Structures are given as structure tokens and as C-alpha cells.
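Novice: Sequence first, then the predicted structure:
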Amino acid sequence: MDWQFLRTRLPEYDLELFTLGKTVITMSSLLKLVVMAAVLYFVAFRLSRWTMARLLDRTELDRGTRAAVSALVHYTILIVGTVVVLQNAGIDLTAFAVVASAVGVGVGFGLQNIISNFISGLIIMFERPIQVGDRIELAGVEGVVQQIGARRSTIVTPDRIAILVPNQRFITDNVTNYVYLERDIRVRVPVGVAPDSDVRLVERLLLEAAVDHPGVQREPAPSVALTSLGGTAIGFELLVWYDGRRYSQKEVLSGLYFTIADRLKSNGIKTA
């Protein structure tokens with residue numbers, strides 16, 4: 001676009017709007033600034049996508065690290081590009097000293113949560129306490145991490161409900177990561193039966209129920225612990241291992257409870 005043409009042929013574009021320090025902001029300079037900002041945003045977006053698709057995907061880095069590098073490229077281009085755009089538009093950056101002070105006060109009050117979530121997002125991307133694809137539990141909600149953004153992350157529950165969680169929650173709250181160690185997870189299934197039940201028969205039925213469940217791992221093998229004897233009930237605990245990436249804990253427990261109930265009933269054993 002010929003900016004000199006706008007100044008000579010369209011004088012209304014040079015209408016003075018306001019003064020920023022020693023710089024006079026006109027309609028033409030403001031228009032130029034808007035166009036350059038739009039181009040900067042487009043270039044930053046495309047270059048970060050290109051970095052992810054053409055460069056990082058060919059490396060052995062995991063998805064979390066690739067996303068962190070891509071985000072860092074994106075924000076670096078935006079920050080450096082913003083300085084270049086402002087200088088090219090003829091705006092004296094020293095004029096932003098007063099504005100920066102005012103913004104600093106605003107960050108201390110209204111923007112502190114936004115800044116905190118942004119910093120938390122960068123910490124998550126680089127320290128990787130959670131990664132995309134991890135099955136986690138936060139505040140009683142279990143789901144799979146679908147996306148880790150700059151300010152918030154997306155968790156998809158087994159009911160296909162997307163929950164948007166501010167990144168700060170992952171830093172300040174207790175988060176259960178079921179696949180952090182990339183190993184199978186053990187779950188304990190408590191079972192109580194009538195006090196006159198045959199404990200060895202109950203043990204065998206519980207192990208058979210574990211073997212029948214498709215989500216239970218064969219190695220390590222399931223085991224049964226006798227937790228209480230006498231009183232109004234005999235307590236057992238079935239210990240099984242399952243793949244936390246494929247199954248949720250609720251799915252495994254529900255399947256086991258159904259099978260255990262059927263086997264105990266068919267063998268005349270009453271639960272307590």
C-alpha cells in the first residue's frame with residue numbers, strides 16, 4: 001500500500017487523532033499500524049505452525065516439548081515483531097513509559113490471574129507435570145488432557161465433556177496423573193461377604209472375576225488380600241493392574257463389581 005499516496009490524495013486520512021509522547025498519531029499512521037499488526041499476527045501463527053509441522057515433528061521430542069517450543073517461537077515473534085511494528089510506524093517507544101506504569105498497576109489487580117495462568121502454562125509446557133494425552137484427575141474430575149494452551153487447558157471426560165481449566169490450577173492444586181510414570185496402575189477393589197462364607201472360595205471367585213475383565217493386566221498378576229475377619233462381615237481386597245491410558249478407574253471398578261456380584265451370587269455367597 002502506498003502510504004505517501006494516502007497522505008497526498010486522501011488528506012482526511014492524515015487527521016490528527018491524538019499525541020503519544022512526541023509522536024502525533026494520525027488516521028494514516030493508525031491504519032498502517034493496524035495492517036502491520038494483522039500481518040505480524042498472521043506470520044507468527046503460520047511460522048509457529050510450520051515449526052511444529054515441518055521441523056519438530058521430525059525430531060524425537062515428545063508432544064509436550066514440541067508444543068512448548070512452538071509456543072515459544074510464536075510469542076517471541078509477536079514480542080519482537082511488536083517492537084519493530086511500533087518503530088516502523090514512527091511511534092517513540094519511550095512514550096510508553098507512563099502507559100507501562102499504568103499497565104503494571106492493572107496487572108497487580110485485574111490482570112494478575114491472566115498473567116499467572118500464562119506463566120503457569122509455560123511452566124507446564126517445559127516441566128511437563130502433565131502432557132497432552134495424559135489421564136488425570138483434578139478436583140474430583142477425571143479425564144484426558146486434550147490441549148495445553150497459553151492460559152487454559154482442555155480436559156475431556158469419559159462422557160465426552162470438555163472442561164476448560166485455568167493453567168494455574170495445575171500448579172496450585174493437587175493433580176492426580178494416572179500415567180505420569182508410564183506404567184500400569186494398581187486399583188484396590190474392596191469386597192465384604194457374610195461371616196460364614198468360605199474364604200478360599202471367595203478368593204478364587206475374585207481372581208476369576210479379575211481374569212475375565214478385559215482391562216485387567218495379566219502381569220503383574222491379580223491378587224487377593226484378606227483385610228478383616230469376624231464380626232458382621234469378612235473383608236477382602238482385590239488388587240489388579242490396568243492400563244491407565246486406555247481405561248478410567250471408574251470403568252475398571254464398575255466392570256469388576258458387576259462380575260464379582262454375579263459370581264458371588266451364583267455360588268450362594270452373600271455380600272455384606
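Specialist: It's in. Residues are numbered from 1 along each chain as shown.
Novice: How is Ala44 assigned, secondary-structure-wise?
Specialist: helix (DSSP: H, G, I helix; E, B strand; the rest coil).
Novice: Can you tell me, leaving aside adjacent residues, what's nearest to it?
Specialist: Using C-beta to C-beta, 6 or more residues apart in numbering and skipping residues adjacent in sequence, the residue nearest Ala44 is Ile77, 4.1 Å away. To be clear about C-beta, it is placed using only N, CA and C from the backbone, and glycine gets the same treatment.
Novice: got the residue ranges for the helices in the stretch 51-200 of the chain?
Specialist: Along the stretch 51-200 of the chain, the stretches classed as helices by DSSP state H, counting those that start in this stretch are 63-88, 96-108, 112-127, 167-172, 199-212.
Novice: need those in CSV with mean neighbour count and mean pLDDT, can you?
Specialist: Output for those, formatted as CSV (neighbours: other C-beta atoms under 10 Å; pLDDT from 0 to 100):
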stretch, mean neighbour count, mean pLDDT
helix 63-88, 16, 74
helix 96-108, 11, 57
helix 112-127, 16, 76
helix 167-172, 18, 88
helix 199-212, 18, 94
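Novice: nearest to Trp50, of those helices?
Specialist: Of all the helices of the stretch 51-200 of the chain, the one in closest proximity to Trp50, counting by C-beta to C-beta, is helix 63-88 (9.3 Å).
Novice: Show me what the closest one is packed against.
Specialist: Judged by 3 or more C-beta pairs under 8 Å, 6 or more residues apart in numbering; DSSP states H and E, the packing partners of helix 63-88 are helix 27-50, helix 112-127.
Novice: out of those helices, which comes closest to Pro214?
Specialist: Minimum separation from Pro214 across the helices and strands packed on helix 63-88 (C-beta to C-beta) falls at helix 112-127, 33.0 Å.
Novice: Which other helices and strands does the closest one contact?
Specialist: Contact partners of helix 112-127 among helices and strands, from 3+ C-beta pairs under 8 Å, 6+ apart: helix 63-88, strand 141-148, strand 152-156, strand 162-166, helix 167-172.
Novice: now the helices of the stretch 51-200 of the chain in TSV, with distance to Gln146?
Specialist: Putting the helices of the stretch 51-200 of the chain into TSV (distance: least, C-beta to C-beta, whole Å) gives the following:
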stretch	distance to Gln146
helix 63-88	12
helix 96-108	29
helix 112-127	14
helix 167-172	14
helix 199-212	31
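Novice: Now render the helices and strands packed on helix 63-88 as a markdown table, adding distance to Val144.
Specialist: Below are these laid out as a markdown table (distance: least, C-beta to C-beta, whole Å):
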| stretch | distance to Val144 |
| --- | --- |
| helix 27-50 | 23 |
| helix 112-127 | 15 |
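Novice: For Ser228, find the nearest of those helices.
Specialist: helix 112-127 (42.2 Å).
Novice: quick one, that closest one and strand 141-148 angle?
Specialist: Angle, helix 112-127 to strand 141-148, by axes from the mean of the first three to the mean of the last three C-alpha atoms, to 10 degrees: 80 degrees.
Novice: Can you give me the first-to-last residue distance of stretch 152-166?
Specialist: From its first residue to its last, stretch 152-166 covers 4 Å (C-alpha to C-alpha, to the nearest Å).
Novice: Check which residues of that stretch are buried.
Specialist: 152-155, 165-166 (16 or more other C-beta atoms under 10 Å).
Novice: picking that back up, against Phe45, how distant is the residue nearest to Ala44?
Specialist: 9 Å (C-beta to C-beta, to the nearest Å).
Novice: Show me what the host helix or strand of Val224 is packed up against.
Specialist: Per DSSP states H and E, Val224 falls inside strand 223-228. With contacts taken as 3+ C-beta pairs under 8 Å, 6+ apart, strand 223-228 sits against helix 199-212, strand 234-242.
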